[in-house]
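Colleague: dropping the sequence and predicted coords here.
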Amino acid sequence: MPSYFRANIAAMTGYAPGEQPQDQGIIKLNTNENPYPPSPKVYAALRKAINGSLRLYPEPQSNVLRSAAANVYGVKAANIIAGNGSDELLSMVLRCFVGPGGRVAFPHPTYTLYDTLIEIQDGVRAAIDYPADFSLPGTLAAQNAALTFLCNPNAPSGTLVALADIEKLAGSVSGILVVDEAYVDFAASEGSSSIPLIYHLPNLIVLRTFSKSFSLAGLRIGLAFASEEIVAGLMKVKDSYNLNRLSLVAATAALSDMPWMARNARRIQKSRKKLSAALRRHGYQVYPSHANFILARKPGLNLKPTYEELKRRKILVRYFDVPGLQDCLRITIGTPKEIHALINEMAALGN
Ligand SMILES: Cc1ncc(COP(=O)(O)O)c(C=O)c1O
């Protein structure tokens, strides 16, 4: 296994490759999964789909899922491509638009997989530091990049860039702009998605995942929204059967129960507010989060010991051992009970 993959897995999960948290008592707040289960409609559809047809290959273009998504998001099915998680879509986008030496720009810090994928393509990374308030860096558009990533809301900060700024950015970058909206369903205000912009911004690709707001991280489903031309290009690089039969069924069923997803997102927003307030009382600086996690900072204090002590107490949060983030913890919003346990342990640590 290449070292960058090994490092990535260990950093993302808190465990080495092959090592899994076996202990049921662990409170897992480190990989931004949804603490609530998927819709009952997903279970019912999966049960119905478990039959002899599993011997057959899945439908290769995910047409049923794409039509359902087209209805929900108000676009045409031809503007959508489905992937095995949005990670697969990210990898397809890189393969399509970035060759060796190709420049890829993104504001930093952000989702760490962008770096790994650029390295795999032998691309050149142009990481532009976010200002202290995580607003869009002014020089991002001028990087002469084949591809620009914007994670919105951003991971790990949870901060959100306004649509007007994204529109301006798409109009001024030289290549493709990818807006990764893995967390947008948790945004404080509706109407934060860039999907409607695909019709007048021909260089825009918007990514969504079912792993977060739809509680389906285990089934690996993502969607990309873009012009018909871009979607047709991405179709050419995708594996023939990139989504399995059960994932297709589950995703389609999840889209038939949007109120379930929205209700869970609201519960997470409520817990996010509570956790942010508690951590601020403990002296943390907490960024205004529009995601299902928060980034909490104790300026100048390395929080590795706090992360390790929480791990010893069976609470996993995310610590980034990289310059600029060592005084931060990223904490996934769990159930109220999990959040309560975390707040108690942090109080006990004097943190
Ligand atoms: C910003 C961002 N994009 C994409 C993904 C990957 O999502 P998926 O599970 O659909 O591959 C994640 C997962 O944590 C993420 O944080």
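Modeller: Ah, there it is.
Colleague: how about the residues of this protein that lie near the ligand?
Modeller: Counting by CB under 6 Å from any ligand atom, the chain comes close to the ligand at 32, 85-87, 111, 151, 155, 180, 182, 209, 211, 217, 222. To be clear about C-beta, it is placed using only N, CA and C from the backbone, and glycine gets the same treatment.
Colleague: among those residues, which one has the most neighbours?
Modeller: residue 180 (29 neighbours; other CB atoms under 10 Å).
Colleague: give me every residue that touches that residue.
Modeller: 86, 90, 111, 149-152, 207 (CB atoms under 8 Å, 6 or more residues apart in numbering).
Colleague: so the closest residue to residue 235 other than its chain neighbours is in which element?
Modeller: Closest residue in space to residue 235, ignoring its immediate chain neighbours: residue 81 at 6.1 Å, by CB to CB, 6 or more residues apart in numbering. For residue 81, the host element (DSSP states H and E) is strand 80-83.
Colleague: which residues touch that strand?
Modeller: For strand 80-83, the surrounding residues in contact (CB under 8 Å, 6+ apart) are 62, 65-66, 69-70, 73, 89, 92, 221-226, 231, 234-235, 238, 242-243, 248, 251.
Colleague: mind redoing it with 6 Å?
Modeller: Residues outside strand 80-83 that contact it (CB atoms under 6 Å, 6 or more residues apart in numbering) are 62, 65-66, 69, 89, 222-225, 231, 234, 243.
Colleague: pLDDT of that strand, averaged?
Modeller: Mean per-residue pLDDT for strand 80-83: 98.
Colleague: which strands and helices sit next to the following helix or strand past it?
Modeller: Next along the chain after strand 80-83, taking DSSP H and E as the criterion, comes helix 85-97. Under the contact criterion of 3 or more CB pairs under 6 Å, 6 or more residues apart in numbering; DSSP states H and E, helix 85-97 touches helix 113-120, strand 204-209, strand 222-225, helix 228-237.
Colleague: just how off-centre is the next helix or strand after helix 85-97 within its chain?
Modeller: Using DSSP H and E, the helix or strand that follows helix 85-97 in sequence is strand 103-108. Its chain's C-alpha centre lies 17 Å from the corresponding centre of strand 103-108 when counted by CA atoms, centre = their mean, to the nearest Å.
Colleague: do stretch 99-107 as well
Modeller: Counting by CA atoms, centre = their mean, stretch 99-107 is centred 20 Å from the centre of its parent chain.
Colleague: stretch 304-318 now?
Modeller: Worked out by CA atoms, centre = their mean, stretch 304-318 lies 22 Å from the chain centre.
Colleague: buried ones in stretch 63-78, by neighbour count?
Modeller: Within stretch 63-78, the residues scored as buried using 16 or more other CB atoms under 10 Å are 65-66, 68-70, 73, 75, 77.
Colleague: and the two most separated of these?
Modeller: Longest distance between any two of these is 13.4 Å, between 65 and 75; criterion CB to CB.
Colleague: for the protein, what's the longest helix?
Modeller: helix 258-281 (DSSP state H).
Colleague: residue 282: neighbouring residues, count only.
Modeller: Residue 282 has 15 nearby residues by other CB under 10 Å.
Colleague: gap between it and residue 275?
Modeller: 11 Å (CB to CB, to the nearest Å).
Colleague: and what of residue 135?
Modeller: Distance from residue 135 to residue 275, by CB to CB: 24 Å.
Colleague: return the residues in contact with the residue in the stretch 51-200 of the chain that the ligand sits nearest to.
Modeller: Going by CB to the nearest ligand atom, the ligand is nearest to residue 85 of the stretch 51-200 of the chain, at 2.8 Å. By CB under 6 Å, 6+ apart, the residues touching residue 85 are 220, 222.
Colleague: same check on the one 5 residues further on?
Modeller: Residues near residue 90 by CB under 6 Å, 6+ apart: residue 117.
Colleague: pLDDT wise, what is it at?
Modeller: 98.
Colleague: with the one 3 residues further on instead?
Modeller: Among the per-residue scores, residue 93 shows a pLDDT of 98.
Colleague: residue 4 now?
Modeller: 48.
Colleague: phi and psi next, for the residue of the stretch 251-351 of the chain at minimum distance from the ligand.
Modeller: Proximity of the stretch 251-351 of the chain to the ligand (CB to the nearest ligand atom) peaks at residue 291, 8.4 Å away. Main-chain torsions, residue 291, degrees, to the nearest 10: phi -130, psi -170.
Colleague: which residue sits closest to it in space, ignoring its chain neighbours?
Modeller: Distances taken as CB to CB, 6+ apart place residue 183 nearest to residue 291, at 3.7 Å, with adjacent residues excluded.
Colleague: count the neighbours of the one you found for me.
Modeller: Around residue 183 there are 26 residues (other CB under 10 Å).
Colleague: and for residue 297?
Modeller: Residues lying near residue 297 (other CB under 10 Å) number 18.
Colleague: who's it bridged to?
Modeller: residue 285, residue 328 (DSSP bridges).
Colleague: if we can go back for a sec, mind putting the helices and strands packed on helix 85-97 in CSV, mean pLDDT included?
Modeller: Below are those laid out as CSV (pLDDT from 0 to 100):
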stretch, mean pLDDT
helix 113-120, 96
strand 204-209, 98
strand 222-225, 98
helix 228-237, 97
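Colleague: could these be laid out in JSON lines, adding distance to residue 329?
Modeller: Formatted as JSON lines, the helices and strands packed on helix 85-97 follow (distance: least, CB to CB, whole Å):
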{"stretch": "helix 113-120", "distance to residue 329": "20"}
{"stretch": "strand 204-209", "distance to residue 329": "23"}
{"stretch": "strand 222-225", "distance to residue 329": "27"}
{"stretch": "helix 228-237", "distance to residue 329": "36"}
